[in-house]
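# Got a predicted structure here, sequence first:
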Amino acid sequence: MIRHGVHDWKAAARAALRDGLCVAVFGAFALTCAPRALATIRYEVSLGRPDQHLFHVQMYISRVKRGETIAMPAWNALYQIRDFAYHVRDVEISAAGGGEASPHFGLAQELDKQDWSLSGGPQGPETAALDEIVKYSVLWNDPGPFSTQLDEHHAFINLAEVLMYVPDRRGESAEVDFVDVPSGWRVIAELPRGTAPDSFIAAAGYDALVDAPVEAGNFDEFDFDNAGAHFRVAVEARDWDRQVLSEALRRITSYEVKLMRGAPFSEYTFIFHIGPYADVGGGGMEHMNSTAIAASSTSSAAAIAAHEFFHAWNVKRIRPQALQPVDYSKEQYTRALWFAEGVTNTYASFTLERTGLWTRNQFYSDLASQIADLESRPARKWQSAEESSLDAWFEKYDGYNRPSRSISYYDKGQILGVMLDLAIRDATDDRKSLDDVMRRMNEEYAERGRYYDDRNGVLRVVNEVVGKDFSGFFRHYVSGTDEIPYDKFLSIAGLQLTMDVTQPSDPTATIEEIPHPSARQLRIREGMLRGTTE
Ligand SMILES: [Zn+2]
């Protein structure tokens, strides 16, 4: 049995140094290190019952105060209230280290669907500074990057779906150890090790801890260095093409890091579940320094990676203020998902085309299909891109996703990203582009640890980059519901759209290059397709 993960000594050293710690690496170089205090919140997660899909969790909490509570998040990362607490059972509280008995030890007192009392409530007995252990079980057997699964084959864990938190103490250091790991399994997660020998991963706080998904099992793996960073890839699949995936990831990471002028991390981990099987699930979920992706084929996994990896900047670091700090207990509204998700789609399509993973015709036909989808939705006439961002929380209801009820901020945001790029190139005679906007957002917000205003942050930076007022574009197409004049924008690059609306509920669209473009149209088209400016 291997209890600890797949870090090689180089990765372990990098991770430890990043965390301000140190490790002794082989005999010749024993670095000296200052011991760090043990985390105040420690978890032990047992993977010993894969047959029952049950995680057994022990949570050690130091110095519990009167009135303190513990909670399960109602949501995380995916903008949906999913009430993770309904997976939890038999919550018990006891004193750590055989401390003194207290009347509230035993079964925990539930306060509402996702909160429990740690200390008998505000009127409860004084238990100041008592160290406590909370034990509970969590049942999860759902595939895909948004859920958690423990079965005899593997475990994939979104830690916010398994680990409780102390609401007032999310900023305290936390460590996790995995125990009873089935024989032959390895464990991987993009977090540094803790200082304690039984700490597999450690984080400065709960938020960072749950922003790193965990894969455990007998997965394939490879790693590579690129663009100044180290990349680890774990693949859980019955059928995949290592050469295709490896080449695509090298191109994607290399291009997006170059586009953004450097990697904001020293190490990044891709976790893939690939296979044409129903139990693979589908989609991708971004995290600070990693992503989890499920897809039916290697090539679609790579295409999703172009989107998820760009989130390492857009949304994880270039982040709307409304999403900070995270409130795990209820909905958190932002108007900016058209930018955080939709423009990330724009950059996935730019990246795939600019790296040669797609032909330019694939780029055109992908954009045309997003336009066809938006045009098939009567709701585009009254729901704006901003409003569809606010309503993301309804997406779990089938009725909401009907064309008469909603548009997609992915589609419309992707389209707006391309149109904005063309409008910026037009306004600056191809001297600036949306790439400059992304880089400026990165400098002004991400690199300075600031968040952008959901309503005006993007517009402000566009105006700054272009030196002209773009408020009309945002008023008409982002907060407003004016029909997008596709031909006006596409003609800037000598492109034209043909829509077939014979069946209004299922229109088709094609985008083609016009036969005799002007020199300017050609220059702008090539600039967009190559990611260059004059
Ligand atoms: Zn996304």
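Sure thing, it's come through.

# now for the helix or strand containing Gln496, which elements pack on it?
According to DSSP states H and E, Gln496 maps onto strand 495-500. If contacts are counted by 3 or more C-beta pairs under 8 Å, 6 or more residues apart in numbering; DSSP states H and E, strand 495-500 sits against helix 360-375, helix 486-490, strand 508-513. (Glycine included, C-beta is placed from N, CA and C.)

# Take the helix or strand that the first one is followed by, keep the C-alpha atoms, and write them as PDB.
Next along the chain after helix 360-375, taking DSSP H and E as the criterion, comes helix 385-390. In PDB, the C-alpha atoms belonging to helix 385-390 read as follows (Å, rounded to 0.1, in the frame of the first residue of the first chain):
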ATOM      1  CA  ALA A 385     -25.600  38.400 -21.000                       C
ATOM      2  CA  GLU A 386     -25.300  39.900 -17.500                       C
ATOM      3  CA  GLU A 387     -28.800  38.500 -16.500                       C
ATOM      4  CA  SER A 388     -27.900  35.000 -17.700                       C
ATOM      5  CA  SER A 389     -24.800  35.300 -15.500                       C
ATOM      6  CA  LEU A 390     -27.000  36.200 -12.500                       C
END
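
# who does the helix or strand just after helix 385-390 touch, helix- and strand-wise?
Sequence-wise, the next helix or strand downstream of helix 385-390 (DSSP H and E) is helix 409-427. Counting contacts by 3+ C-beta pairs under 8 Å, 6+ apart, helix 409-427 is packed against helix 344-354, helix 360-375, helix 385-390, helix 434-444, helix 457-466, helix 471-473, helix 486-490, helix 519-530.

# next one: the shortest one to chain centre, how far?
Put plainly, it is helix 471-473. Relative to its chain's centre, helix 471-473 lies at 29 Å (C-alpha atoms, centre = their mean, to the nearest Å).

# Check which residues of that helix are buried.
The neighbour-count check on helix 471-473 (16 or more other C-beta atoms under 10 Å) flags Phe473 as buried.

# Repeat that for the last one.
Residues Gln521, Arg523, Ile524, Arg525, Gly527, Met528 are the ones in helix 519-530 that count as buried (16+ other C-beta under 10 Å).

# Point out the other elements, helices or strands, that that helix touches.
Judged by 3+ C-beta pairs under 8 Å, 6+ apart, helix 519-530 is in contact with helix 344-354, helix 409-427.

# Quick one: work out the angle between the longest one and helix 434-444.
Right, the one you point to is helix 409-427. Comparing the axes of helix 409-427 and helix 434-444 via axes from the mean of the first three to the mean of the last three C-alpha atoms, to 10 degrees yields an angle of 100 degrees.

# ok and helix 409-427 relative to helix 519-530, angle-wise?
Put simply, helix 409-427 runs at 140 degrees to helix 519-530, going by the same axes, to 10 degrees.

# re earlier: identify each buried residue in the strand holding Gln496, please.
Leu495, Leu497.

# What of stretch 267-284?
267-275, 280-282, 284.

# try stretch 227-244
Counting neighbours by 16+ other C-beta under 10 Å, stretch 227-244 gives Ala229, His230, Phe231, Arg232, Val233, Ala234, Val235, Glu236, Ala237, Trp240, Asp241 as buried.
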